[in-house]
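Asker: Whatever this is, show me its structure:
(one chain, ligands or ions: 1)
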Amino acid sequence: MSTIDYSPYITIRRELHQIPEAGFEEFKTQQYLLDYIAALPQEHIEVRTWRTGVMVRIQGSNPRRTLGYRADMDGLPIEEETGYEFRSNHPGYMHACGHDLHMTIGLGIVTHFASNPIADNLVVLFQPAEEGPGGAQPMLASEELKDWMPDQIAALHIAPEYPVGTIATRPGILFANTSELFIDLIGTGGHAAYPHRANDMVVAGSQLVGQLQSIISRNVNPLDAAVITIGKVESGTKQNIIAERARLEGTIRTLSADTMKLVKSRIEALLRGVEAGFECKAEVDWGANYLQVFNEAEVTGQFMDWLRDRSDVTLVECTEAMTGEDFGYFLKDIPGFMFWLGVDTPYGLHHSRLEPKEEAIGVALSVMTDYFTWLSEQT
Ligand SMILES: CC(=O)N[C@@H](CCC[C@H](N)C(=O)O)C(=O)O
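Answerer: Now for the predicted structure:
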């Protein structure tokens, strides 16, 4: 079991934490990664960029295959409220989903293997736009990745609810299918005192928010799992003006692709009802859709068995979560797995006060470098 001095990576994580950027706008983040990698021994490594992403290949000494690690890069539109001295320098943006840690661990893996190459090739992918609109699918289809495609791949995601030292995963489905949801209601505005001469999209939109939840409680089999969350509602201009438009923004999560189809068809039906009932127009845009994260049974089982022998890690076989991840597209084509890495913090993912414990970086680095080394030695 290796113990890696992770203190230099704390500085890296903090520097990355200060520059959160939106999907496909990770320009400073990309430059940071490139500058860091350029200062490493170059003998075994090759670097490519793809849009705002970075791909690094460490040439193996006797490669039979290519192993892969993927880290996501983007931040979220959240005003940070942590007590950090190194809080975000980008007002209104925050690394509130742990991508600063995911990238730091990726850089730690590159650093270690740049000086200690294994037999197999290793590709470390820094992928933009996980929070949307989705960087995995276009990265997988890119010319730059074609001849570097991993034969097996792993990724991790920080988990606030687990103590540091815990790794949680399972063979099979880990994260849900997702679809974004953007609904526009277009009616007729007017004077607040003359509701009979307008059709009020605040009333239509408010009713619709409630009706959408009835899809989950009345249309989806209770033994199946699905979520509709409306995270943003925009309507109106002033308290005494009837709103002409309303916009609802949300996300759908399901554990099966069939349930996703069912939920979408019920939303369409409800929208036809809103149009009839309010004599308005209702439009829907499904935005970005992510495939479920499905851990390949054999490779995941092998990783879990390997972890059971480690005294520094507690392995939890967890249940599925309704989170989404475009890493699901990698796992559709490449055998591999994703796992939760315990970071023990009271505030959850996407929260303005998320403060993951940085010791988890050391755990992940030790596990991932040992795992890739061990894997490469297997016949
Ligand atoms: C791990 C995590 O929090 N992932 C995000 C992925 C976002 C998918 C997409 N933008 C959507 O909202 O559907 C999540 O929200 O689960």
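Asker: Quick one: residues contacting residue 366.
Answerer: Taking C-beta atoms under 8 Å, 6 or more residues apart in numbering, we find residue 366 in contact with 1, 2, 3, 4, 312. Every residue, glycine included, has its C-beta placed from N, CA and C.
Asker: Residue ranges of each domain in the protein, please.
Answerer: The chain is divided into the following domains under automatic domain parsing: 7-174+293-377, 177-289.
Asker: Pick the most deeply packed of the ones you listed.
Answerer: The highest mean neighbour count among these, using mean count of other C-beta atoms under 10 Å, belongs to domain 7-174+293-377: a mean of 19.
Asker: So it, near the ligand or not?
Answerer: Yes: on the criterion C-beta under 6 Å from any ligand atom, domain 7-174+293-377 is in touch with the ligand at 97, 131, 132, 157, 323, 324, 325, 349.
Asker: got the end-to-end distance for that domain?
Answerer: End-to-end distance for domain 7-174+293-377: 28 Å, by C-alpha to C-alpha, to the nearest Å.
Asker: now swap in stretch 351-370 and tell me
Answerer: Length of stretch 351-370, first residue to last, C-alpha to C-alpha: 32 Å.
Asker: Let me see the mean pLDDT of that stretch.
Answerer: Across stretch 351-370, the average pLDDT comes to 98.
Asker: Please apply the same query to stretch 178-187.
Answerer: Regarding stretch 178-187, the rounded mean pLDDT is 98.
Asker: what are the bridge partners for the closest residue in space to residue 292 that isn't next to it in sequence, then?
Answerer: Nearest non-adjacent residue to residue 292, counting by C-beta to C-beta, 6 or more residues apart in numbering: residue 177, 4.7 Å away. For residue 177, the beta-bridge partners are residue 254 (DSSP bridges).
Asker: Distance of residue 177 relative to residue 323?
Answerer: Distance of residue 177 to residue 323, given as C-beta to C-beta, to the nearest Å: 11 Å.
Asker: so what sits against both of the two?
Answerer: Both residue 177 and residue 323 are contacted by residue 253, under the criterion C-beta under 8 Å, 6+ apart.
Asker: Which residues are in contact with residue 356?
Answerer: By C-beta under 8 Å, 6+ apart, the residues touching residue 356 are 98, 101, 158, 160, 343, 344, 345.
Asker: Tell me which entries of the residues you listed lie within strands.
Answerer: Using DSSP state E, residue 158 are the members of the contacts of residue 356 that sit in strands.
Asker: got the contacts of residue 356 as JSON lines, with pLDDT columns?
Answerer: Output for those, formatted as JSON lines (pLDDT from 0 to 100):
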{"residue": "98", "pLDDT": "98"}
{"residue": "101", "pLDDT": "98"}
{"residue": "158", "pLDDT": "98"}
{"residue": "160", "pLDDT": "98"}
{"residue": "343", "pLDDT": "98"}
{"residue": "344", "pLDDT": "98"}
{"residue": "345", "pLDDT": "96"}
